[in-house]
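Colleague: just the structure for this:
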Amino acid sequence: MRSLVKATVALTFIWAATASAAGVDKDKFRVCADPLHPPYSTKDGNGFENKIAELFAKKLGQTVEYKWFSQRIGFIRNTLKAKLPDSDLYSCDVVMGVPAGYEVALTTVPYYHSTYLLLIAKGRGWDDITKAEQLGKLSLQRQEKLRFAMFDRGPGTAWLQKMGLLDQGIPYQTMTGDDQNNIAMRIEKDLQTGKIDMVVLWGVMAGHVLSQSPENSYTVIPMTSRPGMKFDFSIAMAVRYGDKERQLILNKLIEENESAIRNIMESNHILLLSIPEPKLREDDDD
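Modeller: Numbering: from 1, shown residues only. As a prediction, the model looks like this:
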């Protein structure tokens with residue numbers, strides 16, 4: 001316990017010194033986020049990224065402040081990299097979820113790892129499907145009855161193509177511009193109404209669908225990566241390039257709060273896998 005207290009005090013000291021030198025408001029944990037993106041973030045603070053931000057802010061003796069902007073092309077440019085008018089401050093300082101190694105920003109160590117899931121609504125004639133590969137081996141008559149959500153990009157669509165099932169796909173846009181529903185909300189509603197019966201969905205968004213439905217409403221099949229088709233990914237946080245002090249602080253917070261982060265995410269029905277060890281580059285020391 002003493003070591004944790006010392007570490008937290010040290011983090012707060014580093015943060016305060018860094019903030020003072022950079023002219024940053026040291027009392028704020030300033031987050032770039034989408035106001036309608038469950039289960040990630042919501043304006044009412046119910047997303048898991050909201051809760052992790054609150055946890056980190058509390059550890060640093062700060063309060064969370066948001067720059068709200070819809071998750072779409074240009075998100076980083078309009079949030080993390082956007083300066084406030086007549087100021088040296090930026091609109092926000094931390095993006096709570098990006099792919100590890102994201103090229104447009106400086107990323108932390110990963111704080112979770114998940115995979116895409118195949119969700120199949122039960123009671124619609126597909127309860128015999130227990131493995132994803134079975135769908136590619138169905139009779140033509142059964143295949144023609146498939147109602148499968150298909151996105152404009154992502155490994156799910158590539159997998160459908162490999163299975164020869166593109167003709168059974170019902171197209172969806174990853175970024176819809178809908179100010180009432182994000183894609184997880186839309187998929188959940190369309191599964192409930194029967195517009196679609198199944199979908200290959202990122203584990204986090206699949207968690208939202210599962211959390212909105214009675215238990216055992218879906219067959220849940222984790223998708224397994226293979227050469228040329230990757231389904232599992234590590235997710236980190238992002239800061240601006242050059243903001244190494246903040247990156248260090250976030251890395252320490254992620255390490256020290258691993259259990260609390262896992263509890264927050266699992267309460268959102270998110271499937272978590274072990275975070276792989278980072279691969280050594282050829283120029284790394286042995």
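
Colleague: all helices of the stretch 101-250 of the chain, in order?
Modeller: 140-143, 155-162, 183-193, 203-211, 244-256 (DSSP state H, counting those that start in this stretch).

Colleague: figure out which of those is closest to Ala105.
Modeller: helix 244-256 (9.9 Å; Cβ to Cβ). Where you see a C-beta, it was placed from the backbone N, CA and C, and this is true even at glycine.

Colleague: max-length strand in the protein?
Modeller: Secondary structure assigned by DSSP state E gives strand 112-121 as the longest strand of the chain.

Colleague: quick check: Asn46 vs Gly61, distance?
Modeller: Distance from Asn46 to Gly61, counting by Cβ to Cβ, to the nearest Å: 24 Å.

Colleague: so between the two, which is more surrounded?
Modeller: Using other Cβ atoms under 10 Å, the more surrounded residue of Asn46 and Gly61 is Gly61, with 15 against 12.

Colleague: rewinding a little: mean confidence score for the longest strand of the chain?
Modeller: For strand 112-121, mean pLDDT rounds to 98.

Colleague: between helix 203-211 and that strand, find me the angle.
Modeller: 40 degrees (axes from the mean of the first three to the mean of the last three Cα atoms, to 10 degrees).

Colleague: relative to helix 155-162, how tilted is strand 112-121?
Modeller: Comparing the axes of strand 112-121 and helix 155-162 via the same axes, to 10 degrees yields an angle of 50 degrees.

Colleague: list the contacts for Gly136?
Modeller: Counting by Cβ atoms under 8 Å, 6 or more residues apart in numbering, Gly136 makes contact with 162-165.

Colleague: got the contact list for the closest residue to Met198 other than its chain neighbours?
Modeller: Spatial nearest neighbour of Met198, excluding adjacent residues (Cβ to Cβ, 6 or more residues apart in numbering): Ile120 at 4.4 Å. Contact analysis of Ile120 by Cβ under 8 Å, 6+ apart lists 126, 129, 197-198, 218-219, 221.

Colleague: same question, Met223
Modeller: Contacts of Met223 by Cβ under 8 Å, 6+ apart are 115-118, 132, 155-156, 159, 200, 231.

Colleague: Leu119 pairs with what?
Modeller: Val199, Val220 (DSSP bridges).

Colleague: span of stretch 106-126 from start to end?
Modeller: 44 Å (Cα to Cα, to the nearest Å).

Colleague: before we move on, back to that, need the contacts of Ile120 in JSON lines (columns: neighbour count).
Modeller: Below are these laid out as JSON lines (neighbours: other Cβ atoms under 10 Å):
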{"residue": "Trp126", "neighbour count": "19"}
{"residue": "Ile129", "neighbour count": "16"}
{"residue": "Asp197", "neighbour count": "22"}
{"residue": "Met198", "neighbour count": "23"}
{"residue": "Tyr218", "neighbour count": "20"}
{"residue": "Thr219", "neighbour count": "17"}
{"residue": "Ile221", "neighbour count": "20"}
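
Colleague: dump those residues into CSV; add pLDDT as well.
Modeller: As requested, those are arranged in CSV below (pLDDT from 0 to 100):
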residue, pLDDT
Trp126, 97
Ile129, 97
Asp197, 97
Met198, 98
Tyr218, 98
Thr219, 98
Ile221, 98
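
Colleague: Glu188: which of those residues is nearest?
Modeller: Once Cβ to Cβ is applied, the member of the contacts of Ile120 that ends up nearest Glu188 is Tyr218, at 10.6 Å.

Colleague: surely the closest one and Arg124 touch.
Modeller: No - at 10.6 Å, Tyr218 does not count as touching Arg124 under the criterion of Cβ atoms under 8 Å.

Colleague: which of the helices of the stretch 101-250 of the chain sits closest to Trp68?
Modeller: helix 183-193 (17.2 Å).

Colleague: same for the closest one, what does it pack against?
Modeller: strand 148-151, strand 169-172, strand 198-202, helix 203-211 (3 or more Cβ pairs under 8 Å, 6 or more residues apart in numbering; DSSP states H and E).
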